[in-house]
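[1] I'll drop the sequence and a predicted model, then ask my questions.
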Amino acid sequence: MGDLTSLVFKRLGLGLLTLLVVSILIFFAVELLPGDIAQAVLGQGATEETVNAMRQQLGLDRPAPVRYLDWLAGAVQGDFGVSLVSGDRVSSAISERFINTLFLAAYAAAIAVPISIVLGVVVALLRNTLFDRVANVLTLTSISSPEFFLGYILILYLSVKTGMFPALASLKSDMGFFELLHRTFLPALTLVLVVTAHMMRMTRAAIINLLASPYIEMARLKGTPPWKVIVRHALPNAWAPIINVVALNLAYLITGVVLVEVVFVYPGIGQLLVDAVAKRDFPIVQACCLIFAATFILLNLMADVGAILTNPRLRHPK
Amino acid sequence: MSKKNQNLIDRIAEEARKGRISRRDFMHYSVAAGLTASTATGLWTTSAAAQPKSGGTFRWGIHDGNTSDTHDPGTYLTRVMIFLAHTHRSYLTMINGDGSLGPDLADSWEASEDASEWTFKLTENASFHSGKKVTADDVIASLNHHRGDDTTSAAKALLTDVTDITKDGDYVVKVALSRGNADFPWLMTDYHLAICPANDDGTIDWKSGDGSGPYKIDNGEFGVQFSLSRHDGWHREGAYFDKVEMITLNDPNARQTALVTGDVDSVSQVDLKTMALLQRDPNINVLNVPSAGAITMPMFCDTAPFDNVDVRNALKLSIDRDDIIEKILFGAATKGNDFHHSPAQPYWPDDIPQREYDPDQAKSLLKKAGAEGLTVSISTADSVSAGAVDMAVLYAEQAKAAGITINVVREPNDGYYSDVWLKKPFCLVSWGARPTPDVMYTLAYKDDAAWNESHWQNERFNELLLQAKSELDDTLRAEMYREMAMLARDDGGTIIPFFNNFVYGARANVGTPENLAASWESDGARAASRWWFND
C-alpha cells in the first residue's frame, strides 16, 4: 500500500506543475485574443478616452508578465482575485455555478454509469444477437449526433409535444429536490445519451477480449453458467479499462457540457467560461480553466488508483 | 342588423380584446360588417380595446444577456441589462408607445430661447426602493457619472456639450449646454442615463441595484435571471403585474420553445426564419414593430475607390433592397433610402424619392468615374445581425449585374467592433434605434464625430446639423432634416439597405397596448410596466 501512497503524492505533485503550465498558457492565450476587457465591456460605445480610463482603473496598463506574476502570487495563497468586470470575488462568482455543474454531472453519471456497465455486460453475454446489434446501433447513433441536436430532439418529443418535462432547466432557490430532478431531467438525459455508448462498448470489448482466455475456457468446462462466467470470472479482470473510460466520461460531464447548458438554459460553469472569454475577464477564465484541468488530473489519478486496486499485479511492477 | 353580422362583430371584438387586431383593422372590419364609423369607435372604446388588469407573474425571456453584466449604467451593453434598467430604474423622460416624448422622473421641462439651458421639474412622488425620495442631487450625480476625465461610461460622448448641472431646490435641475440642443430631453431617454441614488460625495451607488423604477429587484444572477416585485411607490401609470421574472434566453431555439410550451409569457426576439410558423400558433401573438434600428454599410469617403461620389452612388444603386428584405429579413423591415433617418423617428421626410435597384445606371456612373469593372471587398460577420453574411453574399450577386465584383470577407465575430468597424473601408454595421435624427447624425455622420464611420465630410450638412440642433421651431427643423437627408442620400458614403423591425412574441393571454414603442424590443424595453394579463 505504501507504493500506492507515494504514487498518489507523486502524481499530485506533477498535477500541480501541470496546473502552473496551464495557467501560463491560458493567461497568454487570453492576451493573444484581439481587443481587451475595456473594449469588450464598452463594446460599440467605446471611445479612446473611456477605454484608456477603464484600462487604468483595472491596472491593464501594466505589462502582461507583471500582471501574471501578480495573479500567481495571490493564487498560490488561495486568492484567485476579483472579476475584472463585476468586481466580485472569483470564488463567489464561480462556486454556485460549479455546484450546478457538479449536480448535473452527478445526476447524469448516476444514470449513465450503471446503465452502460450493465448494458455492456448484457451485450457481451448476448453478443452477435439482435439485441447486441440494436443496442450498439442506438448508442452509436446517440454518441454520433451533436449533443445540442439530441437536446432539441428530446425537447421536441418530451416537452413540446407531450409536455412531460420542462424545456427550460432554469433553477430557483426554493425548488424541492424532486422538482429539481424533474426540471433538470432533459439536460441530464441528453448527457446520458452522449456518454453511454463509449462506456458500454468499452465494457463489452474488455469482456469479450477476456472470453478467449484459458481460465474462462476452464470455467466454462466445469459447467459455470454463462452469466456467472462473465460477472464472476471475466468482469474483475476487465475493470481497469472500464474505470479509465468511466473517468474520462465523468471529466467530460463536467468540462464539456456548455452546449447542453445553452440549449436548456442551465446556469453551469461552461456558460460562465464562455461569457468570461468574450469579455476577456482573465481571473474568471483562469479559475474556470484550472478547475477543468484539475478535474482531468484528479479523475485520471483516480482511474489509475482504481485500476491498481482492482488488479494486484499492477502493485508490483517488475 | 342581421344576426350574421352581429356574430361577425362579436368575433371581431373578441379578436381585438385579445390584441390580435389593431384599432385600424377593427374599424375597417366593423364598417365592412355594417356598422357606422362612430358606432365602431364607440364599440372599440367600450368593449374591444382591452382594459389593463392587475396581477400575475410576468415571465419574460430576453435574448442577449451575459454573466459578466453589471449594474453600472455606464457600461450597460446587453439587452437584459437595458430591459432591466427600464424595469427597476427610472429616467428623466421616456418614449411613449406612440413615439412621443413623455414624463418619467421629470414632470415637465423647458428650454431657454437658444435651447442652451434646460430646466427639468422633477415629480415629488418618486422614491427609490429603499424608501428615499428621488431628488435633484440623485439626478445630478447620476448624470455626472457619465462626465469628467476618468469616467468609463459609454455615454460620455452623448453629454460632451453639457457644461454644468445645477439644482434649484430639491426638485428642479438645470442643465447648461455649450451650444443649443433642442433634442436634449430626448437624450435623457438614453439607456445609460438611469437615475441611481447619490452618495454623499456626489458619486452614485449603482452596486446595490437600488432604483426608482416600477419594479424592485428581489434577487437575481447576472446572465441567468432576475426576480422583481412591484414597487408600490412607482410614480407613473402601469406596472400591472405583481411580479416580473426576467430570464436570460440567449439561444433562439430555447427562446422559441419556452414561448411555445408556455414556460415564459413573452420573448424579446423571435427568429425571423420561424416567424411565419409561430404566427400560426393560436396561443402566440407575434408582434412586428418597425424601428429606427438599421444595418449600415459605410464606405470610407477618403479612401480609393470610395473617394469618388459616382462610385459610392453606383454601389448604392447596385443593391436590391426589396430582394434583401424578402430573403434575409422575411419581410420584417422598412426599406432604407441611404439616409439614417427612419419613419419611426420624428421629422421624417416622406417625400424623398426611393432609390431603387438600377444596375444600368450604376454601370454608367462607373463609366463616368472611369472605374468600370470595379472590385471591392466588404467585411462582415454573423455577429453584426442574423443573416449579415448571407446579406453581403446576396449583395455581391446583385452587384454583378452592374459589373461590380464584391469580395465578401467574413471576419471573426469576436472583437468585430474593435478590429473591423472604423478600421476596414467597407463593412456592415448594426445600429440600435436612436430617438431622434439629430442624435444619429451627430454620432455617426458629423465631420468630427469619433464614430464618423464613413469619414464623410460635407460642409453644408454639418452647417445644417448645428442649425437644426438648436432650432425650436418644428417646421423649420423638419425642412433642415429634409435637406440633410438629401445630402446624405446623394453625397454620403453610407448604404442603408433597411431599417429592421423588432419582432418579438407574447402568449395570447398577454394584453398589449395599441401602440408599441419603437425604441427597443418588447415595447421600448418597458413590457413589464406597460403590459398585463387578460385572464
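    That came through, no problem.
[2] which residue does the stretch 251-400 of chain B have closest to chain A?
    B:Thr257 (4.4 Å; C-beta to the nearest C-beta). (Glycine included, C-beta is placed from N, CA and C.)
[3] burial count for that residue?
    Using other C-beta atoms under 10 Å in any protein chain shown, B:Thr257 is surrounded by 26 other residues.
[4] with A:Asp36 instead?
    As a measure of burial, A:Asp36 has 21 neighbours, counting by other C-beta under 10 Å.
[5] kindly report the same for A:Lys222.
    7.
[6] show me the shaky parts of the chain.
    I'll assume chain A. Applying pLDDT under 70 to chain A flags residues A:1-2, A:43-45, A:317-318.
[7] oops, chain B please
    Those would be B:1-9, B:11-35, B:37-50, if you go by pLDDT under 70 across chain B.
[8] which residues touch residue 180?
    In the absence of a named chain, chain A is used. A:Phe103, A:Leu171 (C-beta atoms under 8 Å, 6 or more residues apart in numbering or on different chains).
[9] look at chain B instead
    By C-beta under 8 Å, 6+ apart, the contact list for B:Gly180 reads B:Ala111, B:Asp114, B:Ala115, B:Ser116, B:Lys469, B:Ser470.
[10] for the residue of the stretch 251-400 of chain B closest to chain A, give its distance to A:Tyr152.
    8 Å (C-beta to C-beta, to the nearest Å).
[11] shared neighbours of those two, anything?
    Shared contacts of B:Thr257 and A:Tyr152 (C-beta under 8 Å, 6+ apart): none.
[12] for PyMOL, what selects the buried ones among the contacts of B:Gly180?
    Applying 16 or more other C-beta atoms under 10 Å in any protein chain shown to the contacts of B:Gly180, the buried members can be selected in PyMOL as follows:
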select buried, chain B and resi 111+115+116+469+470
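[13] tell me the one of the contacts of B:Gly180 nearest chain A?
    Checking those one by one against chain A (C-beta to the nearest C-beta), the nearest turns out to be B:Lys469, at 20.3 Å.
[14] could you pull up phi and psi at that closest one?
    For B:Lys469, the backbone dihedrals (degrees, to the nearest 10) come out as phi -60, psi -40.
[15] flag every residue of the stretch 151-300 of chain B that's near chain A.
    B:151-157, B:207, B:219, B:221-225, B:247-251, B:253-254, B:257-258, B:260-261, B:263-264 (C-beta under 8 Å from any C-beta of the partner chain).
[16] write the PyMOL selection for whichever of these are buried.
    PyMOL command restricting those to the buried ones, with burial defined by 16+ other C-beta under 10 Å:
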select buried, chain B and resi 151+152+153+154+155+156+157+221+222+223+224+225+247+248+249+250+251+253+254+257+258+260+261+263+264
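[17] in helices, which of the residues of the stretch 151-300 of chain B next to chain A fall?
    B:Asn253, B:Ala254, B:Thr257, B:Ala258, B:Val260, B:Thr261 (DSSP state H).
[18] now the two most distant members of the residues you listed.
    Spatial extent of those (C-beta to C-beta) is set by the pair B:Asn253 and B:Thr261 at 12.1 Å.
[19] overlap in contacts, the two.
    With C-beta under 8 Å, 6+ apart, B:Asn253 and B:Thr261 have no common neighbours.
[20] quick one, what contacts the residue of chain B found nearest chain A?
    Chain A sits closest to B:Ala154 of chain B, with a gap of 3.0 Å, by C-beta to the nearest C-beta. B:Ala154 is in contact with A:Leu42, A:Gly43, A:Gly45, A:Ala46, A:Thr50, B:Gly74, B:Thr75, B:Tyr76, B:Leu77, B:His192, counting by C-beta under 8 Å, 6+ apart.
[21] let's have the residues you listed in CSV, adding distance to B:Gly65.
    Listed next are the contacts of B:Ala154 as CSV, based on distance: C-beta to C-beta, whole Å:
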residue, distance to B:Gly65
A:Leu42, 17
A:Gly43, 14
A:Gly45, 17
A:Ala46, 20
A:Thr50, 23
B:Gly74, 18
B:Thr75, 14
B:Tyr76, 12
B:Leu77, 10
B:His192, 17
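[22] nearest to B:Asp351, out of the residues you listed: which one, please.
    Of the contacts of B:Ala154, the one sitting nearest to B:Asp351 (C-beta to C-beta) turns out to be A:Gly45, at 34.0 Å.
[23] domains of the chain: list them as residue ranges, please.
    Defaulting to chain A. Domains of chain A are assigned by automatic domain parsing as A:2-72, A:90-310.
[24] sorry, I should have been clearer: chain B.
    Split by automatic domain parsing, chain B gives B:3-48, B:57-64+B:213-290+B:502-533, B:90-187, B:294-500.
[25] and among those domains, the most buried is which?
    domain B:57-64+B:213-290+B:502-533 (a mean of 21; mean count of other C-beta atoms under 10 Å in any protein chain shown).
[26] start and end of that one, how far apart?
    Domain B:57-64+B:213-290+B:502-533 has its terminal residues 9 Å apart, counting by C-alpha to C-alpha, to the nearest Å.
[27] show me how far that domain is from its chain's centre.
    On the basis of C-alpha atoms, centre = their mean, to the nearest Å, domain B:57-64+B:213-290+B:502-533 sits 16 Å off its chain's mean C-alpha point.
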